[in-house]
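[1] One predicted model, sequence on top.
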Amino acid sequence: MILGFEIALVVFSALLMLLVLMHKGKGGGLSDMFGGGMQSSVGGSSVAERNLDRITVVVGLLWFACIVALGLLVKTSS
């Protein structure tokens, strides 16, 4: 059971990292250093960006739940 949560934690960590890197820079941060600040978006966020936000939040919550479950399993097994 612990091994399963450890594998899930690694998978969710990699997926969360990729999802965060896929987000478009909002300006004023490190994304400006790499040329992201030169573009200005006239409209609001698109459907794809909103879906990316939702998927990132869900994966983040699953990542957090996996950490809590793994911590409880390790605590009760020792």
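    Looks like it came in fine.
[2] Could you measure from the residue positioned nearest the centre of the chain over to residue 75?
    For the chain, the residue nearest the mean C-alpha position is residue 16 (3.1 Å; CA atoms, centre = their mean). Taking CB to CB, to the nearest Å as the measure, residue 16 falls 24 Å from residue 75. Any C-beta I mention is one placed from the backbone N, CA and C, and that applies to glycine too.
[3] Point me to the helix or strand that includes residue 21.
    Element membership of residue 21 [criterion: DSSP states H and E] is helix 2-22.
[4] Quick one: distance of that helix to the chain centre.
    Helix 2-22 sits 9 Å away from the centroid of its parent chain (CA atoms, centre = their mean, to the nearest Å).
[5] Locate residue 60 within the secondary structure: which element?
    With DSSP H and E as the test, residue 60 turns up in helix 47-77.
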